[in-house]
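Q: here is the input, now give the coordinates:
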Amino acid sequence: MSEPGEVPGPDAREALERLLLDGPRRYTRLDVGRLAGMPPERTQRLWRALGFPDAADDDPAFTDADIAALGVLSTLIDSGFVDEDTEASIARAMGQSLSRLADWQTDMLADALLRGARQGDTAEVTTERAVAAAQALLPRLREVQDYVWRRHLAANVDRLLAATGPGDRRELAVGFADLVGYTSRSRGMGGRELGAMVEDFESIAAEVIARHHGRVVKTVGDGVLFTARSATDAADIGLELPGTWGTAERPPLRVGAAYGRVLTRLGDVYSPVVNLASRLTSLARPGALLVDRDLADRLRGLPGYRVRPLRRVSVRGYDHLQPWLVRRPKGAAGEPEGDGGYDEDAFDQEAPDMDPLDQDAPDEGGERPGG
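A: Residues are numbered from 1 along each chain as shown. Modelled structure (predicted):
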């Protein structure tokens, strides 16, 4: 048994590894390549793509499960499902996603073990306790992961049937939500307090984005990148999220979004639209939603949105970028007075005001909105 606070001994580590890896470590890197029928350089490339450090040639770091996994990969390549030229990219995407999941589950298992130890007759986490907890919980976690994975595949059936090549090019709204002053605020926080704030932020962001049919692409500490199929969904996310998140104890949130053609590949999104949304976010004042012209045009004339052009600015990559401030109509429930801290000098008086409630505001063709 290990003392509280000590690193578990070799017996506990070996017992958990045998459980997780379906057996003991017995093969070197060269053994794995030979038994799987793959060149050593290829197995090393895949191992690195999965996010694992190199193993020495004489280090028995691999198990029968590693050889079996490579056999499955060979079958997928032979069937044409996986292209040998892209296998490392697929491994990298899976490794990055599952590494984060494993980090979270490790924390969860550790907390469960500590709670169990405190409720028992000892404060120690014994080898027996750790192995028993892993044996009980891991199969259930695997079942839940399989269920969630299948549901996400089902949600993408339309894309699956319409696929025409590597990646998927389509028009989407892309948005960033960013915590203002996160760096300075986090310096004064303890680890537990900071972790709780990040967890709250990710939880609230995921809930609001899902409610409006969006998708969380990734989160990075002080921000979240999301996509939405429609301009209205993106606007609803950007308008609701700062208010849902905001309290006096939390740093304020700002949001920027843009609309256009993007490439979705391996779970990520690539396009100048992503860069544009990022720039707009950096320009937004706390609590505000700024969008590009394409997204603003799609909100034009729709009830429930008030869109006004701000003065053009120069930022990295854009010499004359014109942000558009999106708010709810004046007097809407929950809508604060004013324009999110922007005074009249901040607006471009020469560009058309696209407020659908302002019947005197012409559109680009000189007609009233909706005309």
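Q: show me where the stretch 201-350 of the chain has strands.
A: Counting by DSSP state E, counting those that start in this stretch, the stretch 201-350 of the chain has these strands, from start to end: 214-220, 223-228, 253-265, 268-270, 289-291, 306-309, 313-315, 318-321, 324-327.
Q: how far does the fifth one sit from its chain's centre?
A: Taking C-alpha atoms, centre = their mean, to the nearest Å, one finds strand 289-291 lying 20 Å from the centre of the chain it belongs to.
Q: ok, residues contacting it?
A: 234-235, 238-239, 242, 254-259, 280-281, 283-284, 299, 307, 310, 323-327 (C-beta atoms under 8 Å, 6 or more residues apart in numbering). In this view, the C-beta of every residue, glycine as well, is placed from N, C-alpha and C.
Q: would you turn the strands of the stretch 201-350 of the chain into CSV with mean pLDDT and mean neighbour count?
A: As requested, the strands of the stretch 201-350 of the chain are arranged in CSV below (pLDDT from 0 to 100; neighbours: other C-beta atoms under 10 Å):
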stretch, mean pLDDT, mean neighbour count
strand 214-220, 88, 16
strand 223-228, 93, 24
strand 253-265, 93, 23
strand 268-270, 87, 17
strand 289-291, 96, 30
strand 306-309, 91, 22
strand 313-315, 83, 12
strand 318-321, 84, 13
strand 324-327, 94, 23
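Q: of all those, which one comes closest to residue 79?
A: For these, proximity to residue 79 was assessed by C-beta to C-beta; strand 253-265 is nearest, at 21.3 Å.
Q: report all helices and strands that that closest one contacts.
A: When contacts are defined as 3 or more C-beta pairs under 8 Å, 6 or more residues apart in numbering; DSSP states H and E, strand 253-265 packs onto strand 168-179, helix 231-245, strand 268-270, helix 272-283, strand 289-291, helix 293-299.
Q: ok, and for the helix or strand containing residue 72, which residues are buried?
A: Taking DSSP states H and E as the definition, one finds residue 72 inside helix 64-78. Going by neighbour count (16 or more other C-beta atoms under 10 Å), the buried part of helix 64-78 is 66, 67, 69, 70, 73, 74.
Q: just the pLDDT for the fourth one.
A: For residue 70, the pLDDT comes out at 84.
Q: ok so, going back, the helix holding residue 72: what's the following helix or strand?
A: Using DSSP H and E, the helix or strand that follows helix 64-78 towards the C-terminus is helix 87-119.
Q: and that next one, how far out from the chain's middle?
A: Taking the mean of its C-alpha atoms, helix 87-119 sits 16 Å from the chain's own mean (C-alpha atoms, centre = their mean).
Q: show me what counts as buried in it.
A: Neighbour counts over helix 87-119 (16+ other C-beta under 10 Å) mark 87, 90, 91, 92, 93, 95, 96, 109, 113, 117 as buried.
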